[in-house]
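[1] Sequence first, then the predicted structure, then my questions.
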Amino acid sequence: MKICEILRREDIGDMGIGAMIVFIAMVLVAGIAASVLVQTANRLEIRAMITGEQTMGEVSTGVAVFDIEGHVKNSQVDSMTISIRPRAGSKDIDLKETVIEMSNGSVKVLLSYNASNAWNFNKSVSSFNGQIFSSYTLGWNMTNAEFGILVLEDADGSCSAPTPVINRGDSVMLCVNTSACFGGGLTARQDIWGTVMPEEGTPGVFSFRVPASLSEFVYDLY
């Protein structure tokens, strides 16, 4: 009888130690699982915040095209200006990271701003009596891969030649040498369409048809 009691006591001790080991293992597993869940939740929260900010930027940021003017030489539109401004609620727009895409159905060009050419930027249009297409206002010697910038409104001075950034209240003219882009210029009744694509946000879309008669020097194309 004493032997049986001793064995029973030893068995009870074994069961208690085993239960404790199982309990500790469960606590460790639960702790590890909780840690993984917390890390995953934090990552999801951070990703959700980033996605939300990017979505808000994509929705609110963008450029609006509000005017296009063309200059005529030898019965062709040899140069043109695309007037843009930031959309309402838009973030700052860096024009160095902005691309103009244009096509006439036969030729498609992609234009970007070349900050190394000083003649591609002018912030003092008023000093030339508003003669936008004058060679004194801008060089107008841009290649078929670049555009120039004429600043119309920039109250806070954010738009400069090395860092052409526009924000709320700013407006600029993007200048295109259509003669270089389309082999001589745009001819009468030609259809043109394109987009002004900022680094982030909604692009400005435009399309127009060149007038049937090009007897004047300057035309409002859009």
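    The structure has been received and is ready for your questions.
[2] From here on, just use CA atoms for contacts and neighbour counts.
    Fine.
[3] pretty sure G148 contacts K123?
    No. If you go by C-alpha atoms under 8 Å, G148 and K123 don't touch, sitting 11.3 Å apart.
[4] So for the two, which sits in the more crowded spot?
    G148 (28 against 19; other C-alpha atoms under 10 Å).
[5] Could you give the secondary structure assignment for the more buried one?
    Classification of G148 using DSSP: H, G, I helix; E, B strand; the rest coil returns strand.
[6] and the gap between it and A188?
    24 Å (C-alpha to C-alpha, to the nearest Å).
[7] One more: Y136?
    Relative to A188, and taking C-alpha to C-alpha, Y136 is found at 27 Å.
[8] go on, M102?
    M102 is 17 Å from A188, by C-alpha to C-alpha.
[9] my read is V38 is in a helix, agree?
    Yes. Per three-state DSSP, V38 lies within a helix segment.
[10] In terms of pLDDT, where does it sit?
    V38 is assigned 79 on the pLDDT scale.
[11] Return the distance of it relative to R47.
    14 Å.
[12] ditto for G70
    46 Å.
[13] Kindly report the same for I84.
    33 Å.
[14] What of S75?
    Using C-alpha to C-alpha, S75 is found at 56 Å from R47.
[15] More neighbours: the two, which one.
    Neighbour comparison, S75 and R47: the larger count goes to S75, with 16 against 12 (by other C-alpha under 10 Å).
[16] Packing partners of the helix or strand harbouring S112?
    Applying DSSP states H and E as the criterion places S112 in strand 108-113. For strand 108-113, the elements it packs on are strand 99-103, strand 146-153, judged by 3 or more C-alpha pairs under 8 Å, 6 or more residues apart in numbering; DSSP states H and E.
[17] Kindly state the domain boundaries assigned to this structure.
    Domains of the chain are assigned by automatic domain parsing as 1-60, 62-220.
[18] I'm done for today, thanks for sticking with me.
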